[in-house]
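*Asks:* One predicted model, sequence on top.
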Amino acid sequence: MLRIPKVLVACFFLFAVCAQADTILCVGINDYANYPDLKHAENDAEEMGKLFRSRGHDVTVLTGEEVTTRNLQDALGKSPAFVYFAGHGKKDRLVVQDGHLPLAEMGGKGAMILLDCCYVGRSLKTSGSTKILAAAEYEAFESDGHGLFTKYLLNWLKDGKGLNEQALTTYLEKNIAEETGGWQKPVLGYI
């Protein structure tokens, strides 16, 4: 009996992402003025965007210098059904080119937000208005030309497994733990 609600929630989530195909946002930043540069965040955002476009979705991709507070707020103002961000994060905010964007400003802006960055998993709660799957509570690593979180996320999506968040979270936890010896742990929570 407990399985029915989980199935309904998963179906609703997949329906929300598919029904609002024109509202997917993918963001990536490699180069920062005040933080260490990353190697693969922009490529990861582009590849996520390409994957969703290939499935008929309209996607907005912001990378590099385009990722300012204003541009990100404008893109979030269109209420995307799905948001992906790869770059630096702090406990309760994302690091963008001209400062920080508090996670609270993303609340209610999507059916699900995926964050491939360090530390944001520490600020997630057990309930809230917006579901977030974060790469880590602490450090997030890069591997094989991708953020480690994104590498496995892309594998999952390319295999056609959809966005059932519980199954996806379990898959990410298992594979990332194996590759990092348990150092990096994805977190599913809310803001």
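*Replies:* Looks like it came in fine.
*Asks:* so where do the strands sit in this protein?
*Replies:* Ranges of strands within the chain are 24-28, 59-63, 82-86, 89-90, 93-96, 99-102, 112-116, 131-134, 142-143, 146-147, 187-190, based on DSSP state E.
*Asks:* tell me the mean pLDDT for the fifth one?
*Replies:* It refers to strand 93-96. For strand 93-96, the per-residue pLDDT values average out at 97.
*Asks:* that older thread, now distance to Lys158 and mean neighbour count too, for the strands of the chain, in a markdown table please.
*Replies:* C-beta: built from backbone N, CA, C; applies to glycine. Conversion of the strands of the chain to a markdown table gives the following (distance: least, C-beta to C-beta, whole Å; neighbours: other C-beta atoms under 10 Å):
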| stretch | distance to Lys158 | mean neighbour count |
| --- | --- | --- |
| strand 24-28 | 15 | 26 |
| strand 59-63 | 16 | 21 |
| strand 82-86 | 15 | 28 |
| strand 89-90 | 25 | 22 |
| strand 93-96 | 25 | 22 |
| strand 99-102 | 29 | 15 |
| strand 112-116 | 15 | 26 |
| strand 131-134 | 17 | 23 |
| strand 142-143 | 16 | 17 |
| strand 146-147 | 12 | 25 |
| strand 187-190 | 21 | 18 |
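*Asks:* For this protein, which residues score under the pLDDT cut-off?
*Replies:* Within the chain, the ranges that satisfy pLDDT under 70 run 1-22, 109-111.
*Asks:* Dead centre of it: give me the residue that sits there.
*Replies:* Among the residues of the chain, the one closest to the centroid is Leu114, at 1.6 Å (C-alpha atoms, centre = their mean).
*Asks:* Arrange the strands of the chain in JSON lines, one row each, with distance to Ala41 as further columns.
*Replies:* JSON lines is the format used below for the strands of the chain (distance: least, C-beta to C-beta, whole Å):
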{"stretch": "strand 24-28", "distance to Ala41": "4"}
{"stretch": "strand 59-63", "distance to Ala41": "8"}
{"stretch": "strand 82-86", "distance to Ala41": "4"}
{"stretch": "strand 89-90", "distance to Ala41": "11"}
{"stretch": "strand 93-96", "distance to Ala41": "11"}
{"stretch": "strand 99-102", "distance to Ala41": "15"}
{"stretch": "strand 112-116", "distance to Ala41": "7"}
{"stretch": "strand 131-134", "distance to Ala41": "15"}
{"stretch": "strand 142-143", "distance to Ala41": "9"}
{"stretch": "strand 146-147", "distance to Ala41": "7"}
{"stretch": "strand 187-190", "distance to Ala41": "19"}
